[in-house]
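*Asks:* predicted model, plus sequence, below.
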Amino acid sequence: MPIALIIILNWSAPVANDDSMIKLSPYPRYSEAEMISRARAQYEHLQSRRTVRDFSDQPVPREVIESCIQTAGTAPSGANQQPWHFAVVGDPEIKRQIRSAAEAEEQEFYAHRASDEWLEALSHLGTDAQKPFLETAPYLIVVFALVNRADDHGGKTKHYYPYESTGLATGFLISALHNVGLASLTHTPNPMKFLNQVLGRPGNERPFLILVTGYPADNARVPDIKRLGLDEVATFY
Ligand code: IYR
């Protein structure tokens, strides 16, 4: 038999063997009444979250941000590749540079790039090209999605579902920040490539969004939005 055929016939897809598995740490087992009450309490807590654009400049302990980012890092990811990086900007000069570059892009967006349909969809939010929160808020967490990662042999390992995974981690982060009483804003200047330059991040790290965070300003105002009801977002079969 030709050697190549022997190799093909002997090939089998890699599978996890027993040595690579560990026992699941026990999940708490609540009574059904306790589950219903915890699920409701969680909903009540998270439904009070609002996207905020008016931030206080009051400092936030760095340790809080560190723990919230660790929470974000517990999100599931494609092949457990954890394809994310969080660049945490507290430095006023770097915040100033980000604001200046973001406002330049936003001016183009609002004056030329956005379609009338897009501007119409945004009109109830009251947004414009001015982004003072990029300097006011104590922290800008610039979230990057990694499309690949350098391996130990000078090559690259491709990542699977990097954007979906980074979106999940960002969701965990928003929830973690809300849990400690911090407001956040998912900000997406378009395009965002300038973030690689300003922060010196390599090309395999794609800017995903800026999560602006801090305490809400005392007089913060938010648009009067409604959330869709359960029967509008879910179908039970
Ligand atoms: N990036 C712009 C426009 C914008 C786009 C969407 I979609 C929003 O939900 C909000 C704003 C800005 O930040 O103003």
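*Replies:* Perfect, I can see it now. Residues are numbered from 1 along each chain as shown.
*Asks:* ok, now which ones touch Y163?
*Replies:* A145, R206, F208 (C-beta atoms under 8 Å, 6 or more residues apart in numbering). From N, CA and C alone the C-beta is placed, and that goes for glycine too.
*Asks:* what ranges do the strands span in this protein?
*Replies:* For the chain, strands defined by DSSP state E occupy the ranges 84-89, 139-146, 148-150, 156-158, 183-187, 205-214.
*Asks:* who are the packing partners of the longest one?
*Replies:* Under the contact criterion of 3 or more C-beta pairs under 8 Å, 6 or more residues apart in numbering; DSSP states H and E, strand 205-214 touches helix 133-136, strand 139-146, helix 162-179, strand 183-187, helix 194-199.
*Asks:* quick one: closest of the ones you listed to the ligand.
*Replies:* Nearest to the ligand among those is strand 183-187; the distance by C-beta to the nearest ligand atom comes to 5.6 Å.
*Asks:* near the ligand, which residues of the protein are found?
*Replies:* E106, F109, L122, L125, T127, H187, T188, P189, N190 (C-beta under 6 Å from any ligand atom).
*Asks:* list only those of the residues you listed flagged as buried.
*Replies:* Neighbour counting by 16 or more other C-beta atoms under 10 Å classes E106, F109, H187, P189 among the residues of the chain next to the ligand as buried.
*Asks:* mind picking the two most distant members of those?
*Replies:* Spatially, the most separated pair among these is F109 and H187, at 12.3 Å (C-beta to C-beta).
*Asks:* how about JSON lines for the buried ones among the residues of the chain next to the ligand, with pLDDT and distance to G171 added?
*Replies:* Below are these laid out as JSON lines (pLDDT from 0 to 100; distance: C-beta to C-beta, whole Å):
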{"residue": "E106", "pLDDT": "95", "distance to G171": "24"}
{"residue": "F109", "pLDDT": "95", "distance to G171": "25"}
{"residue": "H187", "pLDDT": "97", "distance to G171": "16"}
{"residue": "P189", "pLDDT": "93", "distance to G171": "20"}
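*Asks:* closest one to I36 out of the residues you listed, please.
*Replies:* H187 (36.1 Å).
*Asks:* mind listing what that closest one touches?
*Replies:* Contact analysis of H187 by C-beta under 8 Å, 6+ apart lists A102, K131, F133, L134, L209, I210, L211, V212.
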